[in-house]
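Student: with the sequence up front, the predicted model follows.
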Amino acid sequence: MAPRPGPPRLGADHPCSTRAKGRSLVIEETIRTDIAVLGGGLAGICAAIGAARQGRKVVLAQNRPVLGGNSSSEVRVWVCGATAHGIHLFARETGIMGELFVENQFRNPEGNPYYWDLLLLEKVRAERNITLLLNTDVTEVDADGPAAARVIRSVTGWMSGSERRITLEAPTFIDCTGDGLVGHLAGAEYMTGREPRAQFGESWAPEVPDQNMLGSTILFYSKDVGEPSKFVRPAFAIDVAAAGIPEHRVIRQDMKGCAFWWIEWGGELDVVLDNERIRDELQAVCYGIWDHIKNSGEFDAENLSLEWVGSVPGKREYRRFVGEHVLTQQDVLEQTEFEDRIGFGGWSIDLHPSGGVYATEPGSKHWHPDGNYHLPLRMLFSKNVSNMWMAGRNISASHVAFGSTRVMATCALLGEAAGIGAALAQQLDVSPSALAGEHVAELRRAMVRADASVLGVENDDPADLALRAEVRASSTKTTLASTQSAGTVPLVDDLGLVLPVDPVLDGIDVLVDAESTTTLRATLHATSAPQNYLPAAEVAEVSAAVERGRSWVHLPLAWKPETAQNGFIVLHANRELAVHRGTWVEPGTVTMIHRELPDKERYTEQWRAWKETLHGSGICFRASSPTDAFRPEQVRGGYARPYGGPNMWVSGQAGEDPQPWIELSWAEPVQIGSVEVIFDDDVNEDLINLHHHRTEAEVMPTLVQDARVEVKVDGGWREVARIEGNRQRRWIADLGELPVQRLRVVTQGAAASRETRLVALRAITA
């Protein structure tokens, strides 16, 4: 077999020049590019891909042999985000992070960390505009200018194992290093530690500032080897019992990986300067915990063996650069609506004791906002280094607000926004500040076109000819009803049903079993914001008599809001009643239960009693009035994710309409270059890369799997594009420069859904 060809030799006109320095054999290279992204964690990956998809040439430099940062097989931290493990509804990220979640679900149902590495590497290598440099540690920065207006000219790093010293020259740099080394060397203004309460008016900030921060973590995995396996405790292992750790932390033999997130230390040290000391201490704790599991006699662990112990500390916090806006506790909890919003978060403000694993207080405390909160572009570029962007855990946020934004799915979407923002600023030849100001319309359109994770940003792109088209469909869902029972749930706690009210609610029926004649009390509430799914202002209250046995009970709750929005119906607890679970969940609806939290979880500010616990089933109900929430016009413009309603077209049931289609038509022919289709990938399904929990479906059941684009030609329909076996949310069909007057998307239905669902249909001008 012939050997595989190596990389092509560089020609004389290539932007990379090479020379040898005498007998030292050090190779020096210079690479010129449009955008240099430093750091290959999820923020850096998404920044690089985001910029590359905007047509920019990108170099992505990563100081490790694998991509993924804390999510990689070297560290193995779960990728968490705005769903907050199901606290927030319809909150899973879209854009590049969404692509990764959905594709990993198909490829990696077991949560194998090496398959996750592979997916990240393949995604980066698939982008022709990205040059990837692994094992390249950037430690030198050439920057000049006054302190208030610095400019980075180049950065230089050493590629270990290759004896190459590589300099990157670019007009724009994105610091995704986590620790913020590039920005630090460039002279960018930054914060570390905890700011005083008076600085930003944050109630969770300390009265007196200090340099304490969130510590680092090392994890371990174990496995059952099927026969007795011994463990000899190393001398350096911590005696965890003597240290009191089992008294304050949960330890079980079935725990592994991020279940031990609380193995944290170093928050009272300098997590960079003392990195090696922190690593040694964390490994000593890991081996001490394993010794406790294996040899204390308290666990059934005879057949367990260590499979993997991390050697790279997963850092949580270090430098946070100062941008034009510093995100604060108030921005998170009050869900500030920024004009330049480019993403959203939803993880709680999650702060840990600086003593880490040795602290006697709980390992974390949480403050959840009422829903997802907005993130502005102005937190993603430096206040005083004019050509430096940042994304990941070094963004412009207070220590308290950073307690929420630091989780990796949020870091990833901020990376995509930084990449798109940096590319767009170059294309428009404007400063980052101008992009966030007078050019915010162009910014928003670019984010929508990328299917990025934004809330409340409508599609008004003049390049989208669908905005001028008439829309019609083969069928449309006009009812909200789930009538087939899959069992009952005792109504021992208040139960909530969220459903779209568009344009009116004229009451609902619910299926119940009653042990005796009783009364069902229900209240109808508005929600406080379009992205929130909690009861706010009460709209109506009713009580209905219920006869003994099984019956449909009518609740005459009526509401006609000024604009379409979600309603929250509360069925109040009654131990004489049981509510029937449905066999499916109607689109745009969700069922929640009001639960009492244990005392140890009851922070005054944390109270989140409503939780979706009937995921995948919901309750049996039927709305009395028809709904317009799923009309065909929903695919044209508007929002590309749930926001005050489901925002999608839903066809009639598959049995009645086996090949649903939706059509765009124009008064005169238009030149279409591409068709962009956004399918429904159920952003209420909380996916996670290494499976903190397991979602069984490998392909999201709501996704359309087979579809084709057809155009009307000479009185008949001609196919111009087709997709089969689809498992992604976004499909772009290139039509070249096709004159079109009528165009339709014909679907074959979804993997396991009862109907076809389309979020958006765009016809982009040639």
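Tutor: Arrived safely. Residues are numbered from 1 along each chain as shown.

Student: now the helices for the stretch 1-150 of the chain?
Tutor: Ranges of helices within the stretch 1-150 of the chain are 42-52, 95-107, 113-125, based on DSSP state H, counting those that start in this stretch.

Student: just the buried residues of the second one, please?
Tutor: By 16 or more other CB atoms under 10 Å, the buried positions in helix 95-107 come out as Gly95, Ile96, Met97, Gly98, Glu99, Leu100, Phe101, Val102, Asn104, Gln105. All C-beta atoms are positioned from the backbone trio N, CA, C, and that covers glycine.

Student: need those residues in TSV (columns: distance to Pro503 and pLDDT).
Tutor: Output for those, formatted as TSV (distance: CB to CB, whole Å; pLDDT from 0 to 100):
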residue	distance to Pro503	pLDDT
Gly95	31	98
Ile96	36	98
Met97	34	98
Gly98	30	98
Glu99	35	98
Leu100	38	98
Phe101	34	98
Val102	33	97
Asn104	39	97
Gln105	36	96
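
Student: can I get those residues in a markdown table with distance to Ser311?
Tutor: Converted to a markdown table, the buried residues of helix 95-107 look like this (distance: CB to CB, whole Å):
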| residue | distance to Ser311 |
| --- | --- |
| Gly95 | 32 |
| Ile96 | 29 |
| Met97 | 27 |
| Gly98 | 31 |
| Glu99 | 30 |
| Leu100 | 25 |
| Phe101 | 27 |
| Val102 | 31 |
| Asn104 | 24 |
| Gln105 | 29 |
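
Student: centroid residue for this protein?
Tutor: Glu93 (3.4 Å; CA atoms, centre = their mean).

Student: His325: which of the buried residues of helix 95-107 is nearest?
Tutor: Looking at the buried residues of helix 95-107 and their distance to His325, the nearest is Gly95, at 21.3 Å (CB to CB).

Student: sec struct for the nearest residue to the closest one once chain neighbours are set aside, please.
Tutor: Nearest non-adjacent residue to Gly95, counting by CB to CB, 6 or more residues apart in numbering: Ala452, 4.1 Å away. Secondary structure state of Ala452, per DSSP: H, G, I helix; E, B strand; the rest coil, is coil.

Student: what do you get for Pro646?
Tutor: coil.

Student: how close does it sit to Glu656?
Tutor: As judged by CB to CB, to the nearest Å, Pro646 and Glu656 stand 20 Å apart.

Student: out of these two, which sits in the busier spot?
Tutor: Pro646 (27 against 11; other CB atoms under 10 Å).

Student: ramachandran coordinates for the more buried one?
Tutor: phi -70, psi -30 (degrees, to the nearest 10).

Student: distance check, the nearest residue to it once chain neighbours are set aside against Ala766.
Tutor: Excluding the flanking residues, the one nearest Pro646 by CB to CB, 6+ apart is Gly588, at 3.3 Å. Distance, Gly588 to Ala766, using CB to CB: 35 Å.

Student: which outside residues touch stretch 703-723?
Tutor: Stretch 703-723 has contacts (CB atoms under 8 Å, 6 or more residues apart in numbering) with 675, 677, 679-682, 699, 724-729, 731, 733-735, 738, 740-751, 756-758.

Student: then stretch 464-476?
Tutor: Residues contacting stretch 464-476 (CB under 8 Å, 6+ apart): 459-461, 630-633, 635-637, 649-652, 656-657, 659-666, 670, 672, 761-765.

Student: spit out the contact partners of the nearest residue to Leu333 once chain neighbours are set aside.
Tutor: Leaving aside its sequence neighbours, Leu333 sits nearest to Pro369 (CB to CB, 6+ apart; 5.1 Å). Shown in contact with Pro369 (CB under 8 Å, 6+ apart): Val332, Leu333, Glu334, Gln335, Gly346, Ser348.

Student: at 6 Å what do you get?
Tutor: Pro369 sits next to Val332, Leu333, Gln335 when contact means CB atoms under 6 Å, 6 or more residues apart in numbering.

Student: dump the residues you listed to JSON lines, plus distance to Ala188.
Tutor: Formatted as JSON lines, the contacts of Pro369 follow (distance: CB to CB, whole Å):
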{"residue": "Val332", "distance to Ala188": "23"}
{"residue": "Leu333", "distance to Ala188": "28"}
{"residue": "Gln335", "distance to Ala188": "28"}
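
Student: okay, domains of this protein per the record?
Tutor: 12-94+124-199+320-355+366-457, 216-309, 465-476+630-765, 481-623 (automatic domain parsing).

Student: closest one to Pro113 among the ones you listed?
Tutor: Between these, domain 12-94+124-199+320-355+366-457 lies closest to Pro113; by CB to CB that is 4.0 Å.

Student: any idea of the mean pLDDT in that closest one?
Tutor: Mean pLDDT, domain 12-94+124-199+320-355+366-457: 95.

Student: same question, stretch 732-747
Tutor: Throughout stretch 732-747, pLDDT has a mean value of 94.

Student: one step back: turn the helices of the stretch 1-150 of the chain into a markdown table, including distance to Val26.
Tutor: Below are the helices of the stretch 1-150 of the chain laid out as a markdown table (distance: least, CB to CB, whole Å):
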| stretch | distance to Val26 |
| --- | --- |
| helix 42-52 | 26 |
| helix 95-107 | 36 |
| helix 113-125 | 27 |
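
Student: the ones you listed: which one's closest to Ile395?
Tutor: Closest among these, once you apply CB to CB, is helix 42-52, at 8.8 Å.

Student: for the closest one, name the packing helices and strands.
Tutor: Applying 3 or more CB pairs under 6 Å, 6 or more residues apart in numbering; DSSP states H and E, we find helix 42-52 packed against strand 35-38, strand 58-61, helix 408-428.

Student: hmm, who's touching the last one?
Tutor: For helix 408-428, the external contacting residues (CB under 6 Å, 6+ apart) are 35, 42-43, 46-47, 50-51, 54, 56, 71, 79, 81, 93, 95-97, 172, 174, 342-343, 345, 377, 380, 389, 391-392, 432, 435, 439, 446, 452-453.

Student: show me the shaky parts of the stretch 501-650 of the chain.
Tutor: 597-607 (pLDDT under 70).

Student: what segments of it are strands?
Tutor: 505-514, 518-526, 538-546, 549-559, 565-571, 577-582, 590-594, 610-611, 621-623, 649-650 (DSSP state E, counting those that start in this stretch).

Student: just these: most buried one?
Tutor: Highest mean neighbour count among these (mean count of other CB atoms under 10 Å): strand 649-650, with a mean of 28.

Student: strands paired with that strand, and their directions?
Tutor: Here strand 649-650 has these sheet partners by DSSP bridges: strand 757-765 (antiparallel).

Student: with only the CA atoms kept, save the partner strand in CSV.
Tutor: Written as CSV, here are the backbone C-alpha positions of strand 757-765 (Å, rounded to 0.1, in the frame of the first residue of the first chain):
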residue,chain,number,x,y,z
ARG,A,757,-42.5,20.8,12.0
LEU,A,758,-40.6,23.6,10.4
VAL,A,759,-39.2,26.6,12.3
ALA,A,760,-38.0,28.7,9.4
LEU,A,761,-37.9,28.7,5.6
ARG,A,762,-35.6,31.3,4.0
ALA,A,763,-35.0,32.0,0.3
ILE,A,764,-31.7,33.9,0.1
THR,A,765,-31.2,36.1,-2.9
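
Student: for that strand, which positions count as buried?
Tutor: Result for strand 757-765 [16+ other CB under 10 Å]: buried residues Arg757, Leu758, Val759, Ala760, Leu761, Arg762, Ala763, Ile764.
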